[in-house]
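Engineer: Any chance you could fold what I've pasted below:
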Amino acid sequence: MELRHLPQVLEIEKHSFPTPWSKRAFEGEIRHNRFAHYYVCLLEKKVAGYAGMWLILDEAHITNIAVAREFRGLDFGKRMLLFLMQQTLLHGADKMTLEVRPSNLTARELYKGMGFAEAGVRKGYYTDNNEDAIIMWKHLLMDIEGIDDEVKG
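Structural biologist: As a prediction, the model looks like this:
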């Protein structure tokens, strides 16, 4: 992800989350967070989706994954998640974690389908409505061959 992608990323963000990240938040991640890795999925010059994570030691923390409305249901979310897994392994990490709203059934199904397991709850995590967050984890080394095959497919 580059700064030039932010107008399209912010549009997707606005339509994807109840409390969207600001332009300033993304700029800070791109410019100043040495742990941050953000990617866009481009179709021609259009941002179809984006994904981000922090890589710290042997863990990746997924910060966000979102797909533009017109590309939802076409496996872009799955492809971006697979790409994040591959990047995690390439950077020497072997575990991934994330938080997801209990009400975000689509995301929860994607994560479960990709082998993430629920590991706990953060009470009142989301400040917009005090909704809890489900904490999910995945250990990548158990699936290394499957990840490479899926990304190539």
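Engineer: and stretch 122-136, how far out from the chain's middle?
Structural biologist: Averaging C-alpha positions (C-alpha atoms, centre = their mean, to the nearest Å) puts stretch 122-136 17 Å from its chain's average.
Engineer: Show the average pLDDT along that stretch.
Structural biologist: For stretch 122-136, mean pLDDT rounds to 92.
Engineer: Would you map the strands across this structure?
Structural biologist: Applying DSSP state E to the chain gives strands spanning 36-43, 46-56, 59-67, 95-100, 117-122, 133-139.
Engineer: Which positions in the third one come out as buried?
Structural biologist: Buried positions in strand 59-67, judged by neighbour count with 16 or more other C-beta atoms under 10 Å: 60-67. Backbone N, C-alpha and C define where each C-beta goes, glycine included.
Engineer: coming back round to it: turn the strands of the chain into JSON lines, including distance to Met1.
Structural biologist: Below are those laid out as JSON lines (distance: least, C-beta to C-beta, whole Å):
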{"stretch": "strand 36-43", "distance to Met1": "4"}
{"stretch": "strand 46-56", "distance to Met1": "6"}
{"stretch": "strand 59-67", "distance to Met1": "11"}
{"stretch": "strand 95-100", "distance to Met1": "18"}
{"stretch": "strand 117-122", "distance to Met1": "26"}
{"stretch": "strand 133-139", "distance to Met1": "22"}
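Engineer: got the contact list for Ala48?
Structural biologist: 41-42, 67-68, 71, 76 (C-beta atoms under 8 Å, 6 or more residues apart in numbering).
Engineer: Equivalent analysis for His15, please.
Structural biologist: 68-69.
Engineer: can we see that at 7 Å?
Structural biologist: Contacts for His15 (C-beta atoms under 7 Å, 6 or more residues apart in numbering) come out as Arg69.
Engineer: Can you lay out the buried residues of strand 59-67 as a markdown table showing pLDDT?
Structural biologist: A markdown table is the format used below for the buried residues of strand 59-67 (pLDDT from 0 to 100):
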| residue | pLDDT |
| --- | --- |
| Ala60 | 97 |
| His61 | 97 |
| Ile62 | 98 |
| Thr63 | 96 |
| Asn64 | 95 |
| Ile65 | 96 |
| Ala66 | 96 |
| Val67 | 97 |
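Engineer: Just the closest of these to Leu110, please.
Structural biologist: Ile65 (8.3 Å; C-beta to C-beta).
Engineer: Can you pull out the residues in contact with stretch 121-128?
Structural biologist: By C-beta under 7 Å, 6+ apart, stretch 121-128 touches 18-19, 99, 101, 130, 132-135.
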